[in-house]
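Colleague: output the structure for:
(2 chains)
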Protein chains: 2
Amino acid sequence: MLILCRPELFLPKWKVVKKMDNLFKLPKFLTDEEVIEALIPDQGVLIERIISTGQSSPENFWYDQERDEWVVLLQGKARLVWKDGRSKELIPGDWVFIPAHEHHRVDWTSTHPPCVWLAVHGRLQ
Amino acid sequence: MLILCRPELFLPKWKVVKKMDNLFKLPKFLTDEEVIEALIPDQGVLIERIISTGQSSPENFWYDQERDEWVVLLQGKARLVWKDGRSKELIPGDWVFIPAHEHHRVDWTSTHPPCVWLAVHGRLQ
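Modeller: Residues are numbered from 1 along each chain as shown, chains lettered A, B, ... in the order given. Prediction:
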């Protein structure tokens, strides 16, 4: 029974697998932390929802991910920046493909409304 | 140059890879056909946008897919039905995981507004 209640304790590959079944249904209370939820267990392909409320990557921090990422902003506004100088302002529906090890950071996210992201991580190319 | 213009002619694994970079940006003219667009080349994981405008699966037709599917409805309304008797009415944001070979069909999709689906096909479990 515990496995059903707290799968993340027993299945480390799951980040947090919630029963949330609607991407636009937000937690009642949002704190200063981003909310990251794996939507299915990560068996090589991770599908996750991320809620950002103003968070951004630290100055001079760059994501350098092992896996490719396909990510779409579904709500809110945001700005991504790449180490090679590119940047992209995102509005709802905008999607981006970020190959593994392509250095990037989240430069800005809106607070009102919160940003809802959907990301797919895996070997995608 | 042709490769850039019509990648689907040369890369059969791509269904149709469009330069569309916003999921909510719909074609100017929608016909009676569903519009299915691969968002990145299919190298084992297929990410596609589907626009439905009232289409549904034929009566007694069941999808029996080789790969798992994670699918979310982002706009419109729809109803999925499974061979085992389950059904689900979908509103924007609702997502569903459909394991490979789980027989299902699209029972109904809204025309106004058109349905915008995002589907991820692959070995997801």
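Colleague: ends of stretch A:84-99, what's the gap?
Modeller: 13 Å (Cα to Cα, to the nearest Å).
Colleague: do stretch A:81-97 as well
Modeller: 13 Å.
Colleague: identify the residues contacting that stretch?
Modeller: Residues from elsewhere that reach stretch A:81-97 (Cβ atoms under 8 Å, 6 or more residues apart in numbering or on different chains): A:62, A:68-80, A:102-105, A:107, A:124, B:21-25, B:39-40, B:74. All C-beta spots, glycine's among them, are computed from the backbone N, C-alpha and C.
Colleague: show me what contacts residue A:57?
Modeller: Residues in contact with residue A:57, defined by Cβ under 8 Å, 6+ apart, are A:63, A:105-107.
Colleague: distance of residue A:124 relative to residue B:33?
Modeller: Residue A:124 is 27 Å from residue B:33, where distance means Cβ to Cβ, to the nearest Å.
Colleague: so how far is chain B from the residue nearest the centre of chain A?
Modeller: In chain A, the residue lying closest to the centroid (Cα atoms, centre = their mean) is residue A:50, at 3.9 Å. Residue A:50 is 14 Å from chain B, where distance means Cβ to the nearest Cβ, to the nearest Å.
Colleague: and for residue A:113?
Modeller: Residue A:113 is 13 Å from chain B, where distance means Cβ to the nearest Cβ.
Colleague: contacting residues around that residue?
Modeller: Each residue near residue A:113 by Cβ under 8 Å, 6+ apart is listed here: A:75-76.
Colleague: show me the contacts of residue A:57 that map onto strands.
Modeller: A:105-107 (DSSP state E).
Colleague: can you redo those as CSV with neighbour count and distance to residue B:57?
Modeller: Below are the ones in strands among the contacts of residue A:57 laid out as CSV (neighbours: other Cβ atoms under 10 Å in any protein chain shown; distance: Cβ to Cβ, whole Å):
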residue, neighbour count, distance to residue B:57
A:105, 19, 43
A:106, 20, 39
A:107, 16, 43
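Colleague: the helices in chain A, which residues?
Modeller: A:2-5, A:7-10 (DSSP state H).
Colleague: identify those among the contacts of stretch A:81-97 that sit within strands.
Modeller: Reading strands off these with DSSP E, I get A:68-75, A:78-80, A:104-105, A:107, B:74.
Colleague: quick check: which ranges of chain A have low pLDDT?
Modeller: Along chain A, segments meeting pLDDT under 70 span A:1-19.
Colleague: try 90
Modeller: By pLDDT under 90, the weakly predicted segments of chain A are A:1-20, A:29-32.
Colleague: how about the residues of it near chain B?
Modeller: Proximity of chain A to chain B (Cβ under 8 Å from any Cβ of the partner chain) is limited to residues A:21-25, A:39-41, A:43-45, A:47, A:70, A:72, A:74, A:91-97, A:118, A:120, A:122-125.
Colleague: for residue A:109, give the beta-bridge partners.
Modeller: For residue A:109, the beta-bridge partners under DSSP bridges are residue A:78.
Colleague: my read: it touches residue A:50, true?
Modeller: No: the pair residue A:109 / residue A:50 is not scored as a contact, 9.5 Å apart, by Cβ atoms under 8 Å.
Colleague: what do these two both touch?
Modeller: Counting by Cβ under 8 Å, 6+ apart, the common neighbours of residue A:109 and residue A:50 are residue A:115.
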